[in-house]
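>>> predicted model follows, preceded by the sequence.
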Amino acid sequence: MIEHFTKGLFKENPIFIIVLGLCPTLAVSTQVVNALGMGAGVIFVLLGSNFFVSLLRNFIPEKIRIPSYIVIIASFVTMVDLFMQAYAPTLSKNLGVFVQLIVVNCIILGRAEAFAKNHTVSESVLDALGMGIGFTLGLLLISLIREVLGAGTITLFPFGNFDGVIRIPVIYNAPIRVIGLATGALLVIGYLKGFFDWMAIRKKKREIEKRVSAVKV
Amino acid sequence: MTYVGIIITFVFINNFILTQFLGLCPFIGVSRQMEPAVGMGFAVIFVMSLASLITWMIYTWILIPLGIAYLQTITFILVIAALVQLVEMTIQKTAPPLYKALGIYLPLITTNCAVLGIALIAVRSNYNAMESFVAGFSAGVGFMLALVLMASIREKLDTEWVPKPFRGVPIAFVTAGLMALAFMAFDKALLRNLIG
């Protein structure tokens, strides 16, 4: 049961392993606070859609399932959009059109189609939580790299005396601006994906070596 | 003159793939070879032009008068899904060769965020009907431009040596990053110099 939750975090991480939902990933990863906001939005929509798709899985006719899923997803996206406009206007402005574009985020429809439609409600909720948190972690990693190198700051929520921006001493004075631009986003995700592929290849090689040495013994 | 401005903006300056990150999934997925890339490009241009015009009509003539503009996300995505289905059936009946060429790429377009993106952006920018149509068309052309450039580069890459972990998707992203760097040459100054 618990593996439905943990698999989304690393083993089947939606961004780095399955490579889904890239458009928002790259567009909102300029600041850490945007990544957190986007992650929260996606987790909420994913939870809602997986819950309802799983709940209604015996009622929705096979032929019109995709439009039905889209209506469910779009309802939750509209909720997130209106909620953000009301309670977090700056965040809503920063994320812009990408809040509404959660609708076409392939992760959400993908989970509905690949998981929720033939699993129980509780399994689907765990899956949604795992995938959502995995997505947020991936997004956080990319935005941390981009903001630290590209602007020398880490932007979080302001509270009390703290204005919400952590400035990193040396890089803040001479940031690598290009990492913060469109180019940087594509390069960073390219190299990260390459790094994760390299880790996967290395792991496979070790397993083979282990098996070979076991046979020799 | 505003139309020329819109075309240059959406094809080069705000190129959907390379600066806005809209439509990345098909960009990485369908750019392995030239022929599918061209097919996908034309299908996207066609659907985006129509979608931006039709969503404009629905927004201005139905959603605004009824005061239900907050339903735009739901309405737009359903309209686009229905439109793609309709286009698919029409092409299948009237132009079978074209249908064969576009075939599998048409259904994929529903979840292409560039299509919903242009519909939402056109509404946010307060474009009129003609401007929305032109914006949709030129965003599609920009999409096709980037896709075709990428496909020709990746066909060449197939014969080159690439470090093993970078083969496939990672090298495609790095290539796209360098292309985005080149597209940074197109900025607002270009527009000012061209049309004052």
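Done, it's in. Numbering: from 1, shown residues only, chains lettered A, B, ... in the order given.

>>> chain center to stretch B:157-170: distance?
26 Å (C-alpha atoms, centre = their mean, to the nearest Å).

>>> residues in contact with it?
For stretch B:157-170, the external contacting residues (C-beta atoms under 8 Å, 6 or more residues apart in numbering or on different chains) are A:19, A:190-191, A:193-195, A:197-198, A:201, B:28, B:171, B:174-175. The C-beta positions use only the backbone N, C-alpha and C, and glycine is treated the same way.

>>> among those, name the ones in helices.
Counting by DSSP state H, the part of the contacts of stretch B:157-170 found in helices is A:190-191, A:193-195, A:197-198, A:201, B:28, B:171, B:174-175.

>>> which of those count as buried?
Among those, those classed as buried by neighbour count (16 or more other C-beta atoms under 10 Å in any protein chain shown) are A:190-191, A:193-194, A:197, B:28, B:171, B:174-175.

>>> as a markdown table, those with pLDDT and distance to A:Val32 would be great.
As requested, these are exported to a markdown table (pLDDT from 0 to 100; distance: C-beta to C-beta, whole Å):
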| residue | pLDDT | distance to A:Val32 |
| --- | --- | --- |
| A:Gly190 | 90 | 21 |
| A:Tyr191 | 92 | 19 |
| A:Lys193 | 89 | 20 |
| A:Gly194 | 90 | 23 |
| A:Asp197 | 88 | 25 |
| B:Ile28 | 82 | 25 |
| B:Ile171 | 91 | 28 |
| B:Val174 | 92 | 24 |
| B:Thr175 | 92 | 27 |
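
>>> closest to B:Ile153 out of those residues?
Checking those against B:Ile153 with C-beta to C-beta, the nearest one is B:Thr175 at 5.7 Å.

>>> buried set for stretch A:170-181?
In stretch A:170-181, counting by 16+ other C-beta under 10 Å, buried: A:175, A:178-181.

>>> so which of the residues you listed reach chain B?
Among these, the ones lying near chain B by C-beta under 8 Å from any C-beta of the partner chain are A:178, A:181.

>>> sitting in helices, which of the buried residues of stretch A:170-181 do you find?
Using DSSP H, A:178-180 are the members of the buried residues of stretch A:170-181 that sit in helices.

>>> redo those residues as TSV? Include distance to B:Asn128 and pLDDT.
Conversion of those to TSV gives the following (distance: C-beta to C-beta, whole Å; pLDDT from 0 to 100):
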residue	distance to B:Asn128	pLDDT
A:Val178	37	86
A:Ile179	38	87
A:Gly180	35	86
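
>>> out of the residues you listed, who's nearest chain B?
Each of those was checked against chain B using C-beta to the nearest C-beta; the closest is A:Val178, at 7.5 Å.

>>> ok so B:Ile17 is a helix residue?
No - counting by DSSP: H, G, I helix; E, B strand; the rest coil, B:Ile17 is located in no helix; its state is coil.

>>> and the closest residue in space to it that isn't next to it in sequence, how many residues sit next to it?
If the residues on either side of it in the chain are set aside, B:Ile17 comes closest to B:Ala146, at 4.2 Å by C-beta to C-beta, 6 or more residues apart in numbering or on different chains. By other C-beta atoms under 10 Å in any protein chain shown, the residues close to B:Ala146 number 25.

>>> and the pLDDT at the nearest residue to B:Phe12 once chain neighbours are set aside?
Residue nearest to B:Phe12 in three dimensions, not counting chain neighbours: B:Phe186, with 3.9 Å by C-beta to C-beta, 6+ apart. For B:Phe186, the pLDDT comes out at 83.

>>> let me know the secondary structure of B:Phe186.
Secondary structure state of B:Phe186, per three-state DSSP, is coil.

>>> tell me how many other residues crowd it.
B:Phe186: 18 neighbours (other C-beta under 10 Å).

>>> just checking, it touches B:Ile13?
Yes - contact criterion C-beta atoms under 8 Å: B:Phe186 and B:Ile13 qualify, at 5.0 Å.

>>> related to what we said a few turns ago, from B:Leu50, how far out is the residue nearest to B:Ile17?
21 Å (C-beta to C-beta, to the nearest Å).

>>> show me the strands in chain A, by range?
With DSSP state E as the criterion, chain A has strands at A:153-155, A:165-167.

>>> in the last one, what counts as buried?
Same thing as strand A:165-167. For strand A:165-167, the neighbour count (16+ other C-beta under 10 Å) marks A:Val165 as buried.

>>> that strand: how far from the chain's middle?
Using C-alpha atoms, centre = their mean, the offset of strand A:165-167 from its chain centre is 24 Å.

>>> give me the contacts around that strand.
Contacts of strand A:165-167 (C-beta under 8 Å, 6+ apart): A:152-156, A:158.

>>> equivalent analysis for stretch A:82-89, please.
Contacts of stretch A:82-89 (C-beta under 8 Å, 6+ apart): A:37, A:41, A:91-92, A:95, A:99, B:70.

>>> nearest to A:Ser143 among the residues you listed?
A:Gly37 (10.6 Å).

>>> tell me, how many residues neighbour residue 62?
With no chain named, the answer covers chain A. As a burial measure, A:Glu62 scores 6 neighbours (other C-beta under 10 Å).

>>> chain B is the one I meant
B:Ile62: 13 surrounding residues under other C-beta under 10 Å.

>>> done for today, thanks.
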